[in-house]
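# Give me a model of this one.
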Amino acid sequence: MGATTARVRLSQMPAQRVLAALPAGGISVLITDPPYTTLDRHSGSGHLRRWFRGGLSWTEIGRILATARRRMRPGGVAFVMTNGDGLEEALGAMRRAGFARVRPITWDRRYPGLGGGLRHQTEFVLVGYLPGSRTLSGVDLVAVPAVGPGTAGRYPTEKPEGLGRKLAAMAGVGRGDVVLDPFCGSGALLVGAKERGATVIGADIAAAAIRRARAKLGVDAGRARATADPSANRRPRPAARRG
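As a prediction, the model looks like this:
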């Protein structure tokens, strides 16, 4: 199912489907946390397994990013998240997708991730530039507390709304911009763009994710317009969604 308001469009469909529906020059800013396989979703408790049915390699994600690149405005910019284990693969995927320049922003999560050994406190947001991309303002270290693992009812890999706000401000997002997250999960990374007056588009194959994104982005379910892609529920290799 999907939901629409004047400036918010959420659809339960695969990333390539939502991108195929957009015209060339339809995207100002891409902000997304893809379902990369360098995050282990299948060990430990069944909590992640209940939400995620699989993941995508960075080669597969790169093909989706290449489609997004062809849909972006000349001054557009992409923010794509990865963890340290996938950093080199993600950099290569973005370069092969056709971004003229790629550089990392470090996200300080403020507390260490779970697990033993050398635990991580940082993740990365890769910035993909096009020729003539807008000038970003700010610094390449962003400190925003992560969503705690014990938060009741949270999306398993939910990102803090403050991170999306920081990225939207960095890119100077405003009215007239169209901001897309093709792996939107809870919708958290789109909150800042919506608050700044942009049109935001989110897509995810998980119905539960779209329900959460609808609530987070203030979409009235009673006035939602169905925009479901029937093939979303019969894909042979459904991808996990993040955000």
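# could you give me the average pLDDT of stretch 209-223?
What stretch 209-223 shows for mean pLDDT is 83.
# cool, and stretch 101-114?
92.
# Quote the end-to-end distance of it.
Length of stretch 101-114, first residue to last, Cα to Cα, to the nearest Å: 32 Å.
# List the buried residues for it?
Residues of stretch 101-114 classed as buried by neighbour count (16 or more other Cβ atoms under 10 Å): V102, I105, W107, R109. Glycine gets a C-beta too; all of them are placed from N, C-alpha and C.
# Out of these, list just those in strands.
Using DSSP state E, the subset of these located in strands is V102, I105, W107.
# Which of those residues sits closest to R119?
Sorting these by how near they are to R119, with Cβ to Cβ, puts W107 at the top with 15.1 Å.
# which residues touch that closest one?
Contacts for W107 (Cβ atoms under 8 Å, 6 or more residues apart in numbering) come out as M81, T122, E123, F124, V125, V142, A143, V144, L163.
# Now the residue nearest the centre of the chain. Its backbone dihedrals?
Centroid-nearest residue in the chain: T32, 2.0 Å away (criterion: Cα atoms, centre = their mean). With angles defined as degrees, to the nearest 10, T32 sits at phi -160, psi 150.
# hey, what's it bridged with?
Beta-bridge pairing for T32 (DSSP bridges): V80.
# Hmm, it is touching A90, no?
No: assessed by Cβ atoms under 8 Å, T32 is found out of contact with A90, at 11.6 Å.
# Pull up the overlap in contacts between these two.
Joint contacts of T32 and A90 (Cβ under 8 Å, 6+ apart) are V80.
# ok, and the closest non-adjacent residue to V102?
M94 (4.7 Å; Cβ to Cβ, 6 or more residues apart in numbering).
# go on, G92?
Nearest one to G92, counting by Cβ to Cβ, 6+ apart, is W58 at 7.1 Å.
# Tell me who's in contact with that neighbour.
W58 neighbours (Cβ under 8 Å, 6+ apart): Y36, G86, E89, A90, G92, A93.
# Next one, pLDDT for it please.
pLDDT, read off for W58, is 96.
# So which helix or strand of this protein has the lowest pLDDT on average?
helix 47-51 (a mean of 54; mean pLDDT, DSSP states H and E).
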